[in-house]
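Colleague: sequence and predicted structure, then a few things I'm wondering about:
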Amino acid sequence: MQLHYKKIGEGQPLLILHGVLGSLDNWLTVSKTIADAGYAVYLLDQRNHGRSPHHEQFDFTTLAADLEKFIAEHSLQNPILLGHSMGGKTVMQYAVTHPGTFAKLVVVDIGPKAYPPHHGELLRGLNALALDQIESRQQADELFSTYEPNAGVRQFLLKNLYRTDQGTFAWRFNLPLLSRDMKNVGDAIPASAPVTEPTLFMRGEKSDYILDKDWEAIQEQFPNARLETIAGAGHWVQAEQPKAFVAALLTFLEE
């Protein structure tokens, strides 16, 4: 599968993978700051998201295989891997199956443990939008607000709307497949030989994705890991506190 991507800057390759229902566009702003620090930043759309192809196979083994193929096709040496949420699980899956092929690992607001499905209401709302009858993004936002009261979350999701050549709206992500297989996004990353590469786990102070009680098990799987908590941030750490996020990231990368 040929993943859609954008490259910004020159230097050591740093690959960024977005979360579920997101796309590489979510990372454009902070990626420019990271690139200015001397990195070649590769922003990837994972399969069934953004402008990458849709495919029926969708699990972390497959997503990690997509990442492996991308690294090989672009002849990237000693890359740094960064993933948020679903993307964090993808890079962890890659790390446990391809040790010694990357320099450092950054996992943003997700752990290797299993998570119960919790996007049901969002998916119901997205599926309830009759896109062939919607005439504007504002109308879509008003209809979607019945299911999601948070304007920021609505704005994030509705970025995936685009107009087709026929003038109607459509989703960039593969909504039917994600609605069916969203449970796969919560799968645990299986324990294997410890991942010894330097690893940074970042979490939002207001998020409950990585709990204090999770840390011991994380360190067993990633013994060379440390945890950074970003004050004032929830799950979307890089979007809610971009300056603090980039500062913590660059400090880790430059060590």
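Modeller: Arrived safely, thanks for sending.

Colleague: what residues of the lowest-mean-pLDDT helix or strand in the chain count as buried?
Modeller: When each helix and strand of the chain is scored by mean pLDDT, DSSP states H and E, helix 151-158 comes last, with a mean of 90. Neighbour counts over helix 151-158 (16 or more other C-beta atoms under 10 Å) mark 154, 156-158 as buried. Any C-beta I mention is one placed from the backbone N, CA and C, and that applies to glycine too.

Colleague: again, but for stretch 197-215
Modeller: Those would be 197-204, 207, 209-210, 214-215, for stretch 197-215 by 16+ other C-beta under 10 Å.

Colleague: make a markdown table out of the residues you listed and add secondary structure and pLDDT.
Modeller: Converted to a markdown table, the buried residues of stretch 197-215 look like this (DSSP: H, G, I helix; E, B strand; the rest coil; pLDDT from 0 to 100):
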| residue | secondary structure | pLDDT |
| --- | --- | --- |
| 197 | coil | 98 |
| 198 | coil | 98 |
| 199 | strand | 98 |
| 200 | strand | 98 |
| 201 | strand | 98 |
| 202 | strand | 98 |
| 203 | strand | 98 |
| 204 | strand | 97 |
| 207 | coil | 97 |
| 209 | coil | 98 |
| 210 | coil | 98 |
| 214 | helix | 98 |
| 215 | helix | 98 |
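
Colleague: list just the nearest of those to residue 177.
Modeller: residue 209 (23.3 Å; C-beta to C-beta).

Colleague: surely the closest one is in contact with residue 235?
Modeller: Yes - counting by C-beta atoms under 8 Å, residue 209 does reach residue 235; the two are 6.1 Å apart.

Colleague: what is in contact with the two at once?
Modeller: 85, 109 (C-beta atoms under 8 Å, 6 or more residues apart in numbering).

Colleague: which elements pack onto the longest helix along the chain?
Modeller: The helix that spans the most residues within the chain, counting by DSSP state H, is helix 60-73. With contacts defined as 3 or more C-beta pairs under 8 Å, 6 or more residues apart in numbering; DSSP states H and E, the packing partners of helix 60-73 are strand 12-17, strand 39-44, helix 86-97.

Colleague: 6 Å instead?
Modeller: Applying 3 or more C-beta pairs under 6 Å, 6 or more residues apart in numbering; DSSP states H and E, one finds that helix 60-73 contacts helix 86-97.

Colleague: now the helix it packs on: average pLDDT?
Modeller: For helix 86-97, mean pLDDT is 98.
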